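In: Structure for this input, please:
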Amino acid sequence: MSPRAPRSRGADQAEIAARRAVLARDAGLARVSSVTRWLIAGAVGLSGALALIAANAFHGRTIATNSSAQSTPAQQQVSNTAQAPSTSSSQGPQAPAQVPVPTPAQPVVVSGGS
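Out: Model prediction:
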């Protein structure tokens, strides 16, 4: 005689159904994981493509070159001091035309919620 106890046919069917359910769940999780990876890769690729398009569409400002830009720093300093003061923004920050005047209104402070 066999040392194994005889099983009923219903128990075997339940065990098979449970194994199939586990295998179906694992296959579904693997499918979802694969789809998620592809979506992330697509989002990164699309983001990079849009960044390239935006970079090519909106160019930055270019600095015009002139003959004084190619001279040595000592020559530039002499030529800059010899010229009249310019209103160009390349001279650095300039003082405002008028000194700011404080306003007489009290500051509005809001704290809390309701």
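
In: Quick one: mean pLDDT over the longest helix anywhere in the chain.
Out: The residue-count maximum for a helix in the chain (DSSP state H) belongs to helix 9-57. Helix 9-57 shows an average pLDDT of 93 in the prediction.

In: buried residues in stretch 19-36?
Out: Judged by neighbour count using 16 or more other Cβ atoms under 10 Å, stretch 19-36 contains no buried positions. All C-beta atoms are positioned from the backbone trio N, CA, C, and that covers glycine.

In: May I have it exported as CSV, CA atoms only?
Out: Output in CSV follows, covering the C-alpha atoms of stretch 19-36 (Å, rounded to 0.1, in the frame of the first residue of the first chain):
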residue,chain,number,x,y,z
ARG,A,19,-2.6,27.7,-8.6
ARG,A,20,-4.2,29.1,-11.7
ALA,A,21,-5.4,32.1,-9.9
VAL,A,22,-1.9,32.8,-8.5
LEU,A,23,-0.3,32.3,-11.9
ALA,A,24,-2.9,34.7,-13.5
ARG,A,25,-2.2,37.3,-10.8
ASP,A,26,1.5,37.0,-11.3
ALA,A,27,1.1,37.4,-15.0
GLY,A,28,-1.1,40.4,-14.6
LEU,A,29,1.4,42.1,-12.2
ALA,A,30,4.2,41.4,-14.7
ARG,A,31,2.1,42.9,-17.5
VAL,A,32,1.4,46.0,-15.4
SER,A,33,5.0,46.4,-14.5
SER,A,34,6.0,46.2,-18.1
VAL,A,35,3.5,48.8,-19.2
THR,A,36,4.6,51.1,-16.4
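
In: Contacts for that stretch next, please.
Out: Applying Cβ atoms under 8 Å, 6 or more residues apart in numbering, stretch 19-36 turns out to have no external contacts.
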